[in-house]
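In: give me a model of this one.
(one chain, ligands or ions: 1)
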Amino acid sequence: MISSTVLFYGNYMLCLCLGLLCVVFVSYWNAEWRGGFAWDASFLQFNWHPVLMVTGLVVLYGNAAILYRVPFTWGQRKQRWKLVHAALLLSSLFLSILGLCAVFDFHTGYHIPNLYSLHSWVGICTIVLFTAQWVLGLVGFLSTCSPLGFRELLKPVHAWMGVAIFILSLASCLSGINEKLLLTLNGNSNSTAAYSSHPAEALFANFLGVLIVAFGLVVLGILSNQRWKRPEPGQESSREEQSAARDTRPGRV
Ligand code: HEM
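Out: Okay, here's the model as predicted:
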C-alpha cells in the first residue's frame, strides 16, 4: 500500500508544478499576445493585473494554505511555521494590491468606469475578505495577548474563511480571463481574430484557465484530506498506531 506520506508528497509535487505552470502561462500570454509590461497607466500596465493576481492570490495563497499539511513541518515548532504562513500570505496580499493598482491606474488613465463588472465585484470582495482574514489571523494567532478562548473560537472560522477566499480567487481569475478575451478578441480590428474563431491566444488563455482549475482542485483535495492534517499535540503517537494497525491488518499487501 502507498503510504499516506508518499501520497501527500505526490500531490504536493503536482501542486508545485501546476502553480509554476500557471505563472509561466499567465506571463507568456501577456508578453506574447498583449504587448508585454510597463507601469505607465497604459494597456501595458493592465498586463500586470492578471500576472500579479494569479501569482499572488492563487499560487502563493494556495501554497500558504497547505503549508501546515506538509509532514516535514510537523516535527518542528508550530510558531515558526505560523510566521512562514503569515509571511507568505502577506506577500500574496501585497502582490494582489499591486495587481489592483495596475488595473485602477489603467482605468483612470483611459477614463474607464471602475467596478462595473461582475468580475470586479467578486474580485474586490475577495481582496476585502482576504485583508480582514489576514489582520484577524495576526491579532488572533500571532499576538501574545490574544486569549485562548478567542483563538479556539477563531480557528474553525479562519479555516473555513481561508477556503472560501481561495474559491473566490479562483472564480475571480476565471471570470477575469473570460472577460479579457471577450473584450479584446472581438474581431473588430485587423489585428485580433474573433474569440469564436479559435485563435491561438484564446486557446492558450483557455488552457491557462484549465491549469488554474487543476491547481485549485489539488489544493482543495489536500485541504479536505483529514489524514494530512497537522496532528494536535499528543495526537501524533495515536495516529501512528492507527496507521500501523491499518498496515498490519490481515489481507493487507
Ligand atoms: C483573484 C484574482 C483577481 C481579482 C481579485 C481581480 C479583481 C479585479 C477588480 C477589483 C477589477 C476592477 C478594477 C476597476 O474597476 O478599476 C478588475 C478588473 C479587471 N480584471 Fe481582474 N481580478 C483578478 C484576476 C484577473 C485575471 C486573471 C484577469 C485576466 C486577464 C483579469 C481581468 C480583468 C479585466 C479585463 C478587468 C477590467 C474590466 C473590469 O473592470 O472588469 N482579472 N479585476
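
In: got the residues of the chain near the ligand?
Out: Applying C-beta under 6 Å from any ligand atom, one finds that the chain approaches the ligand through 49-50, 53-54, 57, 100, 103-104, 107, 114-115, 117, 119-120, 123-124, 126-127, 169, 172-173, 176-177, 179-180, 183. Just so you know, the C-beta spots here come from the backbone N, C-alpha and C atoms, and that holds for glycine as well.

In: give me the buried subset of those residues.
Out: Buried subset of the residues of the chain next to the ligand (neighbour count, 16 or more other C-beta atoms under 10 Å): 49-50, 53-54, 57, 100, 103-104, 107, 119-120, 123, 126-127, 169, 172-173, 176-177, 180.

In: next step: those restricted to helices.
Out: Of those, the ones assigned to helices by DSSP state H are 49-50, 53, 100, 103-104, 107, 119-120, 123, 126-127, 169, 172-173, 176-177, 180.

In: starting at the chain centroid, how far to the strand or helix carrying residue 201?
Out: Element membership of residue 201 [criterion: DSSP states H and E] is helix 200-224. Remark: helix 200-224 is offset 11 Å from the chain centroid, using C-alpha atoms, centre = their mean, to the nearest Å.

In: now do stretch 26-46
Out: Its chain's C-alpha centre and that of stretch 26-46 lie 21 Å apart, by C-alpha atoms, centre = their mean.

In: one more: stretch 142-155?
Out: Distance of stretch 142-155 from the chain centroid (C-alpha atoms, centre = their mean) equals 25 Å.

In: number of residues surrounding residue 167?
Out: Other residues near residue 167 come to 12 when the count uses other C-beta atoms under 10 Å.

In: show the contacting residues for it.
Out: Applying C-beta atoms under 8 Å, 6 or more residues apart in numbering, we find residue 167 in contact with 216, 220.

In: what pLDDT, on average, does the strand or helix carrying it get?
Out: In this assignment (DSSP H and E), residue 167 forms part of helix 148-184. Throughout helix 148-184, pLDDT has a mean value of 97.

In: what angle separates that helix from helix 200-224?
Out: 170 degrees (axes from the mean of the first three to the mean of the last three C-alpha atoms, to 10 degrees).

In: and residue 186, backbone torsions?
Out: According to degrees, to the nearest 10, the main-chain angles of residue 186 amount to phi -100, psi 0.

In: cool, residue 7 as well?
Out: Note on residue 7: its backbone torsions stand at phi -60, psi -40 [degrees, to the nearest 10].

In: buried ones in the helix holding residue 201, by neighbour count?
Out: Going by neighbour count (16+ other C-beta under 10 Å), the buried part of helix 200-224 is 201-202, 205, 208-209, 211-212, 215-216, 218-220, 222-223.

In: so which strand or helix has the closest residue in space to residue 215 that isn't next to it in sequence?
Out: Nearest residue to residue 215, sequence neighbours excluded (C-beta to C-beta, 6 or more residues apart in numbering): residue 18, at 4.2 Å. Using DSSP H and E, residue 18 maps to helix 4-32.
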